[in-house]
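Q: quick one: sequence plus predicted model below, questions after.
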Amino acid sequence: MVKKKVGGGKRYKAVANAQAQGLSQPKWDGPAPPLHVQKKLTRKVQFLSKVSDGASKLSVNKAVSKKSGRKRALPDLSSLGEVLEEVSKRDSATTANKPKQRQHGAAVRSAKQRQHILGEESKRLQQVLQHKLYKEDPIAAITNHLRHTLPPAPPSKPAQAKFKHAKSKRT
C-alpha cells in the first residue's frame, strides 16, 4: 500500500494568498521557479509594503507634530557676572581661613580613616540620644532637624496653565 500524500495544497498557497490580497498571479517568462523561491518573493513583497506604509505614516506624524514655542530673548546677564565675582571672592576668602575638614560623602581609603569616622559618628549618635528634645519626642526632633537643614522644595508650576494653552491651539 502507498501512503496518501499530505499537504499537496501547500504548493498553491502563495498563489491563493496573492489572489486574496488582490494581486495578480505572478507571471514567469520560463518555467515557474521552485515553491520556496515563490514564497520568499511573496514574503519580501509583503515586508516591503509594510515598510513603505510605516514610512508614510511616520512622515505624516512628523508633519502633524507640535510646533516649538516662541523663543524668548535672553535676559541681561551683566548683573549675574558681578554677583558671581563677589561670591567667588567670598568663597576663596573663607576657604583660605578654614582648616581643611573631611567632606561628607567622600571616599574612605583606609581602615584607619574608617575607624576615625566610626568614632566621630558614634559620638554624634550619643549626643543625639542624650538630647532632651529627642528623649521627649524622637520623631518631632528628627523632623525639626530636617526642616532646618534641608533646603526648601522648589515651588511646583501650575498644571492648569498648560491645559489652557493647549486648548487655545486646538481651536
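A: Yep, that arrived. Not measured: the values here are computed from a predicted model.
Q: for the rest of this, base every contact and every neighbour count on C-alpha atoms.
A: OK.
Q: so after the longest helix along the chain, what's the next helix or strand?
A: If you go by DSSP state H, the chain has its longest helix at helix 35-64. Note on helix 35-64: by DSSP states H and E, the next helix or strand toward the C-terminus is helix 78-97.
Q: name the helices or strands packed onto the longest helix of the chain?
A: Applying 3 or more CA pairs under 8 Å, 6 or more residues apart in numbering; DSSP states H and E, we find helix 35-64 packed against helix 13-20.
Q: report the mean confidence score over the helix it packs on.
A: Average pLDDT, helix 13-20: 65.
Q: before we move on, what about stretch 31-46?
A: Mean pLDDT, stretch 31-46: 88.
Q: show me which residues of it are buried.
A: Residues 38, 42 are the ones in stretch 31-46 that count as buried (16 or more other CA atoms under 10 Å).
Q: what about dumping the CA coordinates of it to CSV?
A: Extracted as CSV, the C-alpha positions of stretch 31-46 are listed here (Å, rounded to 0.1, in the frame of the first residue of the first chain):
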residue,chain,number,x,y,z
PRO,A,31,9.2,27.6,-16.2
ALA,A,32,7.9,28.7,-12.7
PRO,A,33,10.7,28.9,-10.1
PRO,A,34,10.6,26.5,-7.1
LEU,A,35,8.0,27.0,-4.5
HIS,A,36,10.4,28.1,-1.8
VAL,A,37,11.6,30.9,-4.1
GLN,A,38,8.0,32.0,-4.8
LYS,A,39,7.2,32.1,-1.0
LYS,A,40,10.4,34.0,-0.4
LEU,A,41,9.4,36.6,-3.0
THR,A,42,5.9,37.0,-1.6
ARG,A,43,7.3,37.4,1.9
LYS,A,44,9.7,40.1,0.6
VAL,A,45,7.0,42.0,-1.2
GLN,A,46,4.8,41.9,2.0
